[in-house]
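> this one's sequence-less:
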């Protein structure tokens, strides 16, 4: 009798976890926002070569890419509401 209760609770928890995971997966969509980061790095690399300071260009490009990604995600999440 005790084993049946444990098994029932275990199955209910498993089903709830599966339902929540499926809901999260469904809510996620393919956002192109992640492309800002490599684009920023490549653009920064180009400017770094152009101005003779590759490392600074890479870091600036990476920072710009992260900034654009954050702005894009904030804008996109505000449009959903």
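Looks like it arrived, so ask away. A quick note: this is a predicted structure, and the numbers were derived from the prediction, not measured.
> For the rest of this, base every contact and every neighbour count on C-alpha atoms.
Noted.
> Give me the below-cutoff pLDDT ranges for the chain.
Scanning the chain for pLDDT under 70 picks out the ranges 25-30, 80-81.
> What separation do you get for residue 8 and residue 16?
In this structure, residue 8 and residue 16 are 12 Å apart, going by CA to CA, to the nearest Å.
> the helices in the chain, which residues?
2-27, 36-51, 54-80 (DSSP state H).
> Taking helix 36-51 as reference, get the angle to the longest one.
For the pair helix 54-80 and helix 36-51, the angle between their directions (axes from the mean of the first three to the mean of the last three CA atoms, to 10 degrees) equals 150 degrees.
> Buried ones in helix 54-80, by neighbour count?
54, 56-66, 68-69, 72-73 (16 or more other CA atoms under 10 Å).
> Which one of those residues is nearest to residue 3?
residue 73 (47.7 Å; CA to CA).
> If we ignore the residues flanking it in sequence, what's nearest that closest one?
Distances taken as CA to CA, 6 or more residues apart in numbering place residue 33 nearest to residue 73, at 6.9 Å, with adjacent residues excluded.
> Isn't the one you found up against residue 71?
No. Counting by CA atoms under 8 Å, residue 33 does not reach residue 71; the two are 9.3 Å apart.
> Cool, thanks, talk later.
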